[in-house]
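>>> this one's sequence-less:
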């Protein structure tokens with residue numbers, strides 16, 4: 001049909017699917033406000049894709065000639081199918097939305113406990129490690145789309161598939177869209193179960209995590225439910241999970257958060273690194289800390305433990321302004337304050353004991369013995385960024401005092417610490 005032929009042509013042109021939306025909006029624009037939304041959407045399309053020549057005009061002309069056959073949802077459905085077909089021929093050519101097949105998800109990443117090397121990826125899966133990372137991200141997008149569609153299915157009307165008059169008397173195979181409408185509905189809990197595994201695999205590949213065996217995060221019920229027909233009803237884990245599983249899951253999620261913060265805020269990178277870290281070779285990256293919190297909910301891990309770890313990692317990397325924002329999401333701020341107190345102590349220990357300036361040694365001699373002993377027990381090597389201005393550390397200690405109740409066992413220690421920090425000489429510029 002027309003949509004099938006246009007979809008094949010679109011694949012060969014290799015342009016961003018957003019172009020289809022823009023061309024369709026330009027066709028339907030009937031008031032002066034419409035072009036404004038078009039211009040706004042142009043920012044979502046890369047400069048490379050914008051150099052399209054006559055392609056938008058050809059699309060608009062096709063839309064006018066075949067308004068039913070090229071209805072946006074119909075055309076997108078055919079485009080998706082074409083990419084699946086092409087992906088089956090060459091996984092590294094078609095890197096848009098693909099079908100999460102068990103051939104990939106059940107690859108050696110499940111067995112070796114770390115992100116497989118490029119050679120192993122190509123041998124077992126038929127694509128590079130970089131393409132595999134992108135593929136897992138697309139799998140996750142697809143699984144989320146399936147769940148979203150299932151939640152909203154009762155509110156959505158069954159689409160009416162119109163046909164141009166010349167085609168009414170033509171007989172042919174049933175269309176892809178009609179086939180799709182005949183499919184069974186997914187079993188939401190099973191798709192959600194797979195999305196958790198897909199997220200785990202995606203994180204392992206994205207951050208090259210080691211010593212993580214994905215299937216060790218699931219009990220026997222969970223493992224047996226994987227790679228089944230997504231419309232089938234499977235026996236899924238329920239009730240309280242074994243504490244050993246919870247511990248392994250928590251360690252994994254904390255490792256993901258640490259890796260995500262490290263990737264975005266490592267001080268070893270250049271000034272533009274924070275912006276570069278937000279993107280991958282195939283587009284904008286996930287909000288990994290938020291994804292880790294979402295996974296915690298599904299894996300029966302305390303979400304607050306993950307949030308507190310995220311705050312601690314931000315402060316460890318010296319991005320205190322982001323740490324302050326993240327504190328707002330934490331429930332148990334008293335426990336968080338104790339964790340941040342240690343971090344502030346590590347900063348001060350580095351400034352006093354490891355730089356060993358004359359002024360620092362004199363201040364150290366005047367400190368209360370309890371505080372001095374406590375500081376000597378601190379290990380600044382745990383900090384990812386030890387070169388934080390003393391004024392910034394003073395602000396952190398004040399935040400700790402604000403969060404701790406006055407009857408807390410560490411409250412007086414925090415008061416001594418702020419006195420010590422405020423007595424530190426501020427380096428001249």
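Thanks, I have the structure now. What you see is a predicted model, and the numbers here were worked out from it, not measured in a lab. Residues are numbered from 1 along each chain as shown.

>>> check contacts around residue 261.
For residue 261, the contact set (Cβ atoms under 8 Å, 6 or more residues apart in numbering) comprises 289, 310, 313, 314, 316, 317. (C-beta placed from N, C-alpha, C; glycine too.)

>>> which stretches of the stretch 201-350 of the chain form strands?
279-280, 283-284 (DSSP state E, counting those that start in this stretch).

>>> among those strands, where is the model least confident on average?
Mean pLDDT is lowest for strand 279-280 among those, at a mean of 50.

>>> okay, now residue 147: neighbour count?
Residue 147 has 17 neighbours, counted by other Cβ atoms under 10 Å.

>>> ok, it touching residue 191?
Yes - in this structure, residue 147 is within contact of residue 191 by Cβ atoms under 8 Å, at 5.5 Å.

>>> how long is stretch 200-215 end to end?
Stretch 200-215 has an end-to-end distance of 10 Å (Cα to Cα, to the nearest Å).

>>> what does stretch 324-335 give?
Chord length of stretch 324-335, first to last residue, is 15 Å (Cα to Cα).

>>> just to revisit the earlier point, identify the farthest-apart pair in the contacts of residue 261.
The largest separation in those, counting by Cβ to Cβ, is between 289 and 316 at 13.8 Å.

>>> Point out where the stretch 101-250 of the chain drops to low pLDDT.
101-116 (pLDDT under 70).

>>> so what secondary structure elements neighbour the helix or strand hosting residue 120?
Mapping residue 120 onto the secondary structure by DSSP states H and E places it in helix 118-124. Taking 3 or more Cβ pairs under 8 Å, 6 or more residues apart in numbering; DSSP states H and E as contact, the helices and strands that helix 118-124 lies on are helix 129-152.

>>> and the helix it packs on, how far out from the chain's middle?
11 Å (Cα atoms, centre = their mean, to the nearest Å).

>>> go on, stretch 159-179?
Centre to centre, stretch against its chain (Cα atoms, centre = their mean), the figure for stretch 159-179 is 39 Å.

>>> List the contacts of that stretch.
Here stretch 159-179 has contacts from 1, 3-4, 66-69, 71, 73-74, 77-78, 81, 181, using Cβ under 8 Å, 6+ apart.

>>> could you list every residue that touches the residue nearest to the spatial centre of the chain?
Closest residue to the average C-alpha location of the chain: residue 286 at 2.5 Å, with Cα atoms, centre = their mean. Going by Cβ under 8 Å, 6+ apart, residue 286 touches 137, 202, 206.

>>> How about residue 234?
So residue 234 contacts 187, 190, 193, 224, 225, 228 (Cβ under 8 Å, 6+ apart).

>>> Surely the first one and residue 228 touch.
When you say that, I think you mean residue 187. No - checked against Cβ under 8 Å, the pair residue 187 and residue 228 is beyond contact range at 9.1 Å.

>>> neighbour count winner among those two?
The residue with more neighbours, out of residue 187 and residue 228, is residue 187; 18 against 15, by other Cβ under 10 Å.

>>> Phi first, then psi, for the residue nearest to that one when sequence neighbours are not counted.
Spatial nearest neighbour of residue 187, chain neighbours left out: residue 233 (5.5 Å); criterion: Cβ to Cβ, 6 or more residues apart in numbering. When read as degrees, to the nearest 10, the backbone of residue 233 gives phi -100, psi 120.
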